[in-house]
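Q: here is a sequence together with a model predicted from it:
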Amino acid sequence: MSAIVTVNNVHKYFRRGAERVDVLNGLSLEVPEGQFLALMGPSGSGKTTLLNLIAGLDQPSEGDVWVAEQCISRMSEAQLATWRTRNIGFVFQFYHLMSVLTAYRNVELPLLLLPLTAKQRDEQVRIALDIVGLSDRIDHRPGQLSGGQQQRVGIARAIVTDPTLIVADEPTGDLDARSAEEILDLLCELRSSRGKTIIMVTHDPKAAQRADRILHLEKGLLVDDVLATR
């Protein structure tokens with residue numbers, strides 16, 4: 001299976017006055033297409049930084065990041081913004097839904113940046129909400145939905161553009177155990193039945209075990225890379 005993500009000898013550092021703070025230290029990895037990957041590690045290990053680099057939200061200080069045969073680490077900010085719209089679906093810990101908008105309108109938002117007709121947008125929104133099991137909540141606002149339902153809306157928004165890659169930052173971190181399991185079931189279903197590549201940052205070992213593969217980072221280095229056991 002070919003790699004859809006390639007991270008090649010990536011360093012990421014910041015300047016704090018005269019001091020250089022290293023976050024990633026020559027990290028390399030490949031993610032095959034259709035894999036569900038979990039990134040784990042203590043706070044400050046670099047896992048969220050790595051996720052942001054792969055998602056095109058940040059750029060490495062050194063090294064290259066390739067996604068679907070495009071070197072995104074050499075793109076301009078304007079190029080990255082366009083690329084993210086078409087290629088990345090984001091799932092956040094705290095949902096980041098617009099409270100004044102219905103589930104339908106929240107899911108529609110990424111499509112407004114694409115050259116689609118109103119009919120095309122409507123079809124894609126309804127398909128996405130059906131996939132996450134919320135066709136009957138289409139006109140509900142976030143305040144009328146449970147936490148698990150709000151995260152489902154967030155996932156529908158992430159998949160509505162049919163992205164190359166789904167990136168999830170602690171997607172179960174704000175949910176009770178039952179809702180968390182339902183969200184993980186949904187992510188696994190997106191991977192198995194729709195072939196989506198998913199990269200998830202999590203602190204929860206139980207959540208990580210739902211992935212196909214677990215990477216452990218410490219102090220900006222990859223210290224463990226294992227296939228998940230179920």
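A: That came through, no problem. Everything quoted here is computed from the prediction, not taken from an experiment.

Q: can you pull out the helices in the chain?
A: Along the chain, counting by DSSP state H, helices occupy 47-54, 77-87, 103-108, 118-131, 147-159, 177-194, 205-208.

Q: which residues does Glu218 bridge with?
A: Leu221 (DSSP bridges).

Q: need the per-residue pLDDT for it.
A: You'll see Glu218 listed with a pLDDT of 93.

Q: spatially central residue for this structure, please.
A: Within the chain, the residue whose C-alpha comes closest to the C-alpha centroid is Val167; the distance, by CA atoms, centre = their mean, is 0.9 Å.

Q: which residue sits closest to that one in space, ignoring its chain neighbours?
A: Ala55 (4.6 Å; CB to CB, 6 or more residues apart in numbering). The way it works is simple: take the backbone N, C-alpha and C, and place the C-beta from them, glycine included.

Q: list the contacts of the one you found.
A: Counting by CB atoms under 8 Å, 6 or more residues apart in numbering, Ala55 makes contact with 84, 88, 90, 165, 167.

Q: spatially nearest residue to Gly147, not counting backbone neighbours?
A: Closest to Gly147 by CB to CB, 6+ apart is Leu175, at 5.3 Å.

Q: can I get the helices of the chain in TSV with mean neighbour count and mean pLDDT?
A: Shown next, in TSV, are those (neighbours: other CB atoms under 10 Å; pLDDT from 0 to 100):
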stretch	mean neighbour count	mean pLDDT
helix 47-54	22	96
helix 77-87	15	95
helix 103-108	23	98
helix 118-131	16	97
helix 147-159	24	96
helix 177-194	16	95
helix 205-208	17	94
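
Q: kindly state the pLDDT recorded for Val223?
A: With respect to pLDDT, Val223 has a value of 87.

Q: neighbours of the closest residue to it other than its chain neighbours, how many?
A: Distances taken as CB to CB, 6+ apart put His216 closest to Val223, at 5.3 Å, once the chain neighbours are dropped. Per other CB atoms under 10 Å, the neighbour tally for His216 reads 18.

Q: with Val21 instead?
A: Neighbours of Val21 (other CB under 10 Å): 9.

Q: and it, what does it touch?
A: Applying CB under 8 Å, 6+ apart, the residues near Val21 are 13-15.

Q: of those - the most surrounded one?
A: Result: Tyr13 is most packed of the contacts of Val21 (other CB under 10 Å), 15 neighbours.

Q: what is that residue paired to in the beta sheet?
A: Counting by DSSP bridges, Tyr13 is bridged to Asp22.

Q: surely it touches Ser61?
A: Yes - Tyr13 lies in contact with Ser61 (CB atoms under 8 Å); the separation is 5.1 Å.

Q: show me what the residue lying closest to Arg213 once chain neighbours are set aside is bridged to.
A: Counting by CB to CB, 6+ apart, Leu37 is the residue found nearest to Arg213 once chain neighbours are left out, at 5.1 Å. With DSSP bridges applied, Leu37 shows beta-bridge pairing to Ile199, Arg213.

Q: what's the neighbour count on Leu37?
A: Around Leu37 there are 24 other residues, counting by other CB under 10 Å.

Q: and if you look at the one 4 residues further on?
A: Neighbouring residues of Gly41 were enumerated by other CB under 10 Å; the total is 22.
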